[in-house]
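# How does the following fold in three dimensions:
(2 chains)
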Protein chains: 2
Amino acid sequence: MAQSVLPHSVQRLIDEFARLPGIGPKSASRLTFYLLRAADNQAGDLATALQDLKELTRLCSVCFNITEEDPCLICDDEARDGKLLCVVEEPLDVLAIERSRAYNGRYHVLHGAISPVEGIGPEDLRIAELVNRVSKGNFQEIILATNPTLEGESTALYLQRRLADQNIRLTRLARGLPVGGDLEYTDEITLGRAFEGRQNL
Amino acid sequence: MAQSVLPHSVQRLIDEFARLPGIGPKSASRLTFYLLRAADNQAGDLATALQDLKELTRLCSVCFNITEEDPCLICDDEARDGKLLCVVEEPLDVLAIERSRAYNGRYHVLHGAISPVEGIGPEDLRIAELVNRVSKGNFQEIILATNPTLEGESTALYLQRRLADQNIRLTRLARGLPVGGDLEYTDEITLGRAFEGRQNL
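Residues are numbered from 1 along each chain as shown, chains lettered A, B, ... in the order given. Predicted coordinates:
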């Protein structure tokens, strides 16, 4: 009703912004009116970047990470340890691990986790491709780096069973207190895991 | 460094999102990877909406609100009270007032407020156009609805001086406790204003 005073094109951009996760109607209005005022061609630049996104990117045929070249830069990098494979749920997880600089092996992106509630089964993920890749590859260790959530744990358990006969070391990332965190505010399950995994000084 | 594993087009969209107000690098990544996964052409729809925004919209030549048609729907609406004029800083303020359904007159959008700190003077705003419009118009009351901030108050004061000789009633929106707010958490200046403006039951 009251919104009818808005020009159609303004309302449409507000609606499109509001479809994005974590952006409510108020933020969507603010972003739209910000872009209306923005001096240079900021709206146009964003539009071009959005169009290029799907046109230029695809999934790497080896690791299924998002890439512009196939195979991707990581799969193509000879300097990386080809004996280590890290299995993650999402492309964003690759980014997070790369930022940590704690890992220099290969990746495999599942594009999700097994979730009966959401109707996501093993066949919806890149699991067949993983099993195939591992059977043909020369990996010495596979790190099952799915999230420490119910779905992530189930997926890791499922992968453990599927990969059991390949006789490769399977590992899972350590659970414990987050660095910089506060013991007092740590949930009891994480605290329990931190005790279980305690290490000698 | 670590970011170099990201395809160029992905990194560019993250950068564009991060240029928007209130969106940090983490949210920008999340939005980008969300759009990469989004099933339908959501990224394309957003791109089109962004392109249309600047192509289809302009400022109304009467009130300087954002519009697709000139004059805008509000200026063109005969059912509105042509004797009332509400002066606001931004187009978003028009939207907020329309949502309240408390007002049925005309608007004038200044596109900012006087701010010596930011180097914004009266000549950078649509003030000359306002004075001209008022002198030619038939207004009985002008509501100076600039924000209750230092800049908004200065602007209202300046407008009061500029419009003084026109012999029209000038008003300002009431300051007081926000509805649904908590007295305990209200700042002292607002509370002071609420006392000054107290009304008989």
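
# Name the secondary structure element that contains the closest residue to residue A:35 other than its chain neighbours.
Among residues not flanking residue A:35 along the chain, residue A:43 sits closest, at 4.4 Å (C-beta to C-beta, 6 or more residues apart in numbering or on different chains). Any C-beta I mention is one placed from the backbone N, CA and C, and that applies to glycine too. Assessed by DSSP states H and E, residue A:43 sits inside helix A:42-56.

# Next: residue A:108.
Element membership for residue A:108 (DSSP H and E) is strand A:105-109.

# packing partners for that strand?
When contacts are defined as 3 or more C-beta pairs under 8 Å, 6 or more residues apart in numbering or on different chains; DSSP states H and E, strand A:105-109 sits against strand A:81-88, helix A:91-100, helix A:127-136.

# switch the cut-off to 7 Å
In terms of contacts (3 or more C-beta pairs under 7 Å, 6 or more residues apart in numbering or on different chains; DSSP states H and E), strand A:105-109 is packed against strand A:81-88, helix A:91-100.

# what mean pLDDT does it have?
Mean per-residue pLDDT for strand A:105-109: 96.

# do the same with stretch A:82-92
Predicted confidence along stretch A:82-92 averages 93 (mean pLDDT).

# and that stretch, which residues are buried?
Of the residues in stretch A:82-92, A:84, A:85, A:86, A:87, A:88, A:89, A:90, A:91, A:92 count as buried by neighbour count, 16 or more other C-beta atoms under 10 Å in any protein chain shown.

# Hmm, the fourth one is touching residue A:144, no?
Yes. In this structure residue A:87 lies within contact range of residue A:144 using C-beta atoms under 7 Å: 5.3 Å.

# what sits in contact with each of those two?
residue A:159 (C-beta atoms under 7 Å, 6 or more residues apart in numbering or on different chains).

# from the chain's centre, how far out does stretch A:129-147 sit?
With C-alpha atoms, centre = their mean, to the nearest Å as the basis, stretch A:129-147 stands 17 Å off its chain's centre.

# Quick one: end-to-end distance for it.
One end of stretch A:129-147 to the other measures 20 Å (C-alpha to C-alpha, to the nearest Å).

# Now residue A:193: closest residue in space that isn't a chain neighbour?
In space, and not counting its chain neighbours, residue A:193 is closest to residue A:175: 3.9 Å by C-beta to C-beta, 6+ apart.

# Residue A:76 too?
Nearest to residue A:76 is residue A:69, by C-beta to C-beta, 6+ apart, at 7.4 Å.

# Tell me which stretches of chain A form strands.
Per DSSP state E, chain A carries strands over the ranges A:58-59, A:66-67, A:81-88, A:105-109, A:141-144, A:169-171.

# Just the residues contacting the third one, thanks.
Here strand A:81-88 makes contact (C-beta under 7 Å, 6+ apart) with A:94, A:97, A:103-110, A:130, A:138-146, A:159.

# domains in chain A, as residue ranges please.
For chain A, automatic domain parsing gives the domain ranges A:8-56, A:79-172.

# okay, these in a markdown table with distance to residue B:123 next?
Listed next are these as a markdown table, based on distance: least, C-beta to C-beta, whole Å:
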| stretch | distance to residue B:123 |
| --- | --- |
| domain A:8-56 | 18 |
| domain A:79-172 | 47 |
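
# Between the ones you listed, which one is closest to residue B:50.
Closest approach to residue B:50 among the domains of chain A is made by domain A:8-56 (3.9 Å; C-beta to C-beta).

# List the buried residues of the one helix or strand in chain A whose mean pLDDT sits lowest.
Lowest mean confidence among the helices and strands of chain A (mean pLDDT, DSSP states H and E): helix A:188-196, at a mean of 81. Judged by neighbour count using 16+ other C-beta under 10 Å, the buried positions of helix A:188-196 are A:190, A:193, A:194.

# next one: stretch A:138-157
A:139, A:142, A:143, A:144, A:145, A:146, A:147, A:151, A:152, A:153, A:155, A:156.

# Give me the mean pLDDT for that stretch.
Per-residue pLDDT over stretch A:138-157 has a mean of 93.

# before we move on, the earlier item: which one of the domains of chain A lies nearest to residue B:166?
The closest of the domains of chain A to residue B:166 is domain A:8-56. By C-beta to C-beta, the value is 29.4 Å.

# any idea of the pLDDT on residue A:61?
At residue A:61, the pLDDT value in this model is 96.

# which residue sits closest to it, ignoring its sequence neighbours?
Residue A:61's closest residue in space is residue A:70 (C-beta to C-beta, 6+ apart), at 5.4 Å.

# chain center to stretch A:182-195, what's the gap?
25 Å.

# What lies in contact with that stretch?
Contacts for stretch A:182-195 (C-beta under 7 Å, 6+ apart): A:175, A:176, A:177.

# you'd agree residue A:28 is up against residue A:19?
No. Taking contacts as C-beta under 7 Å, residue A:28 lies outside contact range of residue A:19: 8.6 Å.

# Compare the two and say which is more crowded by neighbours.
Neighbours were counted for residue A:28 and for residue A:19 using other C-beta atoms under 10 Å in any protein chain shown; residue A:28 has more, 18 against 13.
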